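Asker: quick check, what structure comes out for this input:
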Amino acid sequence: MSSFEESLRSLSLDYLNLLINGQAFSDVTFSVEGRLVHAHRCILAARSLFFRKFFCGPDPPSGLDPVGSRMNPAAAAAAGSRPGVIPVNSVGYEVFLLLLQFLYSGQVSIVPQKHEPRPNCSERACWHTHCTSAVDLALDTLAAARYFGVEQLALLTQVSLHFFSLHLFFFFFFLFVCCLNL
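Answerer: As a prediction, this is how the structure comes out:
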């Protein structure tokens, strides 16, 4: 690995650590499915036109800030949310974290870790390479990437979905061949 690649990897990890460390230097807080997510406006605005318009534009895009909490903390409090906390209703918590992970680091793994418990996957030793839960996560991530205008994430997610389909094809192909040999 060249020193340039090492430098980029280090920078990517530094930004990702900012996200992981939560409130450290954060200047924006989102509420997703009742959970708080702390972030940094400058990073989000630099990496996403959606967030740049949201934080800087006169007419923020829909999907966030339905009660005007960005400009009017009193309106947010009247609607039942905390002042300064931006409600996110367009995506789920896990997908929002994947989106932020990509915006911060330029990297993301759409395929869940093997043996990581997943909703809608009851198989204990599942590798999540083709189960419904993993495909649903990838589809939700693709929709979020398109919604938030993060085309690089959309492309990476499409590659993951292609991987899922190839894996499934070979799984059924070998199953078919095995059945023929019985």
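Asker: let me see the domain layout of this protein.
Answerer: 1-92, 109-182 (automatic domain parsing).
Asker: can you tell me how far F148 sits from A24?
Answerer: 23 Å (Cβ to Cβ, to the nearest Å). (Each C-beta comes from the backbone N, C-alpha and C, glycine too.)
Asker: so between the two, which is more surrounded?
Answerer: Taking neighbours as other Cβ atoms under 10 Å, F148 and A24 compare with F148 leading, 27 against 11.
Asker: for the more buried one, give me its contacts.
Answerer: Neighbouring residues of F148 by Cβ atoms under 8 Å, 6 or more residues apart in numbering: 48, 50-51, 99.
Asker: mind redoing it with 7 Å?
Answerer: Shown in contact with F148 (Cβ atoms under 7 Å, 6 or more residues apart in numbering): 48, 50, 99.
Asker: tell me which stretches of the chain form helices.
Answerer: 3-20, 41-47, 49-56, 73-78, 93-105, 132-147, 151-180 (DSSP state H).
Asker: least reliable of the ones you listed by average pLDDT, please.
Answerer: Ranked by mean pLDDT, the helices of the chain end with helix 73-78 at the bottom, a mean of 45.
Asker: pretty sure V85 sits against V28.
Answerer: No - V85 is not in contact with V28 according to Cβ atoms under 7 Å; the separation is 9.0 Å.
Asker: sorry, back to before: restricted to buried residues, select the contacts of F148 in PyMOL.
Answerer: One line in PyMOL is enough to select the buried ones among the contacts of F148; burial here means 16 or more other Cβ atoms under 10 Å:
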select buried, resi 48+50+99
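Asker: so which of the contacts of F148 comes closest to M1?
Answerer: The closest of those to M1 turns out to be L99 (Cβ to Cβ; 27.0 Å).
Asker: how about the contacts of F148 in JSON lines, adding distance to E33?
Answerer: Listed next are the contacts of F148 as JSON lines, based on distance: Cβ to Cβ, whole Å:
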{"residue": "S48", "distance to E33": "20"}
{"residue": "F50", "distance to E33": "19"}
{"residue": "L99", "distance to E33": "14"}
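Asker: run a quick neighbour tally on V85.
Answerer: So V85, with other Cβ under 10 Å, has 16 neighbours.
Asker: and what of the one 3 residues further on?
Answerer: As a burial measure, the neighbour count of V88 was computed by other Cβ under 10 Å and equals 20.
Asker: again, but for A46
Answerer: 11.
Asker: what are the bridge partners for V28, then?
Answerer: Beta bridges link V28 to A39 when assigned by DSSP bridges.
Asker: ok, it touching I43?
Answerer: No - between V28 and I43 there is no contact under Cβ under 7 Å: 9.8 Å.
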